[in-house]
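**Student:** Structure, please.
(one chain, ligands or ions: 2)
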Amino acid sequence: MKLLVVGAGLFGATVARERALKGDSVDVIEKREHLAGNIYTEDIEGIQVHRYGAHIFHTSNQKVWEYINQFATFNRYTNEVIANYRGEIYNLPFNMNTFNKMWGVITPEEAEKKIDEQRAAMAGKKPENLEEQAISLVGTDIYRKLIKDYTAKQWGREPKELPAFIIRRLPVRFTYDNNYFNDLYQGIPVGGYTQIVEKMLDVPNINVELNTDFLENKQDYLNRYDKVIYTGMIDQFFDYQLGTLEYRSLRFDTEVLDTDNFQGNAVVNYTDSETPFTRIIEHKHFEFGKGNRGKTVITHEYPANWTKGDEPYYPVNNSENNHLFTQYRELATQETPQVAFGGRLGLYRYYNMDQVITAALQFLQGNFFDAKRNE
Ligand code: FAD
Ligand code: UDP
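**Tutor:** Ligands and ions are numbered 1, 2, ... in the order given. A predicted model of the protein is given here:
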């Protein structure tokens, strides 16, 4: 079978590799000038810099962990995030260290009591948006200092207008444990993420072309290949004919500094409304300070509205957008059955890396490649 994979991110690379190992001839095209999509990392001053935002691999899925470990050795990095609210420093995610700093409480019982008092503002109501969910999880003080303004900056809309599930991504713990994730496995690949995708695509019957946009020769590609796996934006693929899905974008401002240690942690969130960026990443701390002496690389991350042509980093999964997405799926089934949509943009989902690998491996088990069934 002659396959075209559009996009050399993690989804495209997994599908390309596994099909090529089964004997298919696979062409991969990528519009950027590099492999790896948003997990791309590059060496600056001996430091692996995450060009598209901090990427920490974490999963509870042993199969996925073993899969990714074929391509890199992972270090024991555990994400422990610091929040800076107008110069006050708190630990994230919300745990006994946060509660102690916020209220002086020492025991889990005292912390639960404090949150219970503040939760009274909810009067037993079932949380229906991010604000209500946050207050019912951690109370009004933490909501006000660590969540409200950060969330408004990140999403460009008030927490009241956002779905509750976004804040449930963060653990709330009544232990002194600063680990940002609950997963069984976690780490950063020694030597960065780009090598992972390079190794994944290093199979004899895979041919990769960078700087190549599918949409510039759409019909020609559709004619030339038996099957296409498309990991770009599904609405753009159909020239936005049913309407435009909303995305959130980001601007990354990266600089090299002549100092060994700028902020003492990989990730520091700025949770007030006055600071225009959401966080500063100091990349060397993902690999325990490795890098050239007297140098560090930091990135300020600014949330941005998305308009056509910008990088679409986050799908905005509210009900209107999800509904529009299902209409695009329907259109795809009818008009282009030889094209499968995958990955964060193709499926319009807030996928982490491990979920992308899981989704790709599941997709490979399905019947899309069974030509007879698709005829
Ligand atoms: P992408 O990486 O977006 O790859 C799609 C590729 O398709 C791109 O390279 C794009 O250029 C290409 N493409 C699109 N259209 C075309 C076209 N028309 N022609 C040719 N090529 C095209 N996950 C975690 O597990 N841990 C984290 O800590 C984490 N942090 C994140 C931080 C940020 C700021 C963001 C935005 C995401 C983060 N993620 C994290 C999620 C992670 O980035 C994604 O799960 C993963 O990169 C998705 O892979 P993908 O292949 O679906 O998409
Ligand atoms: N969040 C917050 N304050 C913080 C960090 C996160 O209010 O300091 C909220 C915010 O709404 C964010 C959500 O929690 O979108 C999920 O956080 P996570 O770090 O998982 O977001 P990501 O950057 O991965 O999208």
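**Student:** At the contact with ligand 1, which residues of the stretch 201-350 of the chain appear?
**Tutor:** 213, 214, 215, 231, 232, 250, 313, 343, 344, 345 (CB under 6 Å from any ligand atom). Every residue, glycine included, has its C-beta placed from N, CA and C.
**Student:** hmm, which of the residues you listed are the buried ones?
**Tutor:** 214, 231, 232, 250, 313, 343, 344, 345 (16 or more other CB atoms under 10 Å).
**Student:** Specify the local secondary structure of the third one.
**Tutor:** I take that to be residue 232. coil (DSSP: H, G, I helix; E, B strand; the rest coil).
**Student:** Got phi/psi on it?
**Tutor:** Phi and psi for residue 232, reported as degrees, to the nearest 10, are phi -90, psi -170.
**Student:** repeat for the last one
**Tutor:** For residue 345, the backbone dihedrals are phi -90, psi -40 (criterion: degrees, to the nearest 10).
**Student:** doesn't residue 245 make contact with it?
**Tutor:** No. Checked against CB atoms under 8 Å, the pair residue 345 and residue 245 is beyond contact range at 9.2 Å.
**Student:** what about residue 6, how many neighbours?
**Tutor:** 27 (other CB atoms under 10 Å).
**Student:** hmm, back to that, Throw the buried ones among the residues of the stretch 201-350 of the chain next to ligand 1 into TSV and include pLDDT and distance to residue 30, thanks.
**Tutor:** TSV is the format used below for those (pLDDT from 0 to 100; distance: CB to CB, whole Å):
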residue	pLDDT	distance to residue 30
214	98	9
231	98	10
232	98	10
250	97	20
313	95	17
343	98	12
344	97	15
345	97	13
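**Student:** which one of those residues is nearest residue 145?
**Tutor:** residue 250 (23.2 Å; CB to CB).
**Student:** give the contact list for the closest residue in space to the closest one that isn't next to it in sequence.
**Tutor:** Spatial nearest neighbour of residue 250, excluding adjacent residues (CB to CB, 6 or more residues apart in numbering): residue 313 at 5.0 Å. Going by CB atoms under 8 Å, 6 or more residues apart in numbering, residue 313 touches 38, 52, 53, 247, 248, 249, 250, 306.
**Student:** got it, and residue 36?
**Tutor:** Here residue 36 is in contact with 8, 9, 10, 13, 193, 194, 196, 197, 198 (CB under 8 Å, 6+ apart).
**Student:** Keep only those of the residues you listed that are in helices.
**Tutor:** Among the contacts of residue 36, the residues falling in helices (DSSP state H) are 10, 13, 194, 196, 197, 198.
**Student:** Just the buried ones out of those residues, please.
**Tutor:** Looks like the ones in helices among the contacts of residue 36 have 10, 13, 194, 196, 197 buried, using 16+ other CB under 10 Å.
**Student:** Excluding covalently adjacent residues, which one is nearest to the first one?
**Tutor:** Once flanking residues are discounted, residue 10 sits nearest to residue 356: 4.8 Å by CB to CB, 6+ apart.
**Student:** Ok, the second one next?
**Tutor:** For residue 13, ignoring the flanking residues on the chain, the nearest one in space by CB to CB, 6+ apart is residue 200 at 4.3 Å.
**Student:** How about the third one?
**Tutor:** On the basis of CB to CB, 6+ apart, the spatially nearest residue to residue 194 that is not a chain neighbour turns out to be residue 36, at 4.8 Å.
**Student:** Thank you, goodbye.
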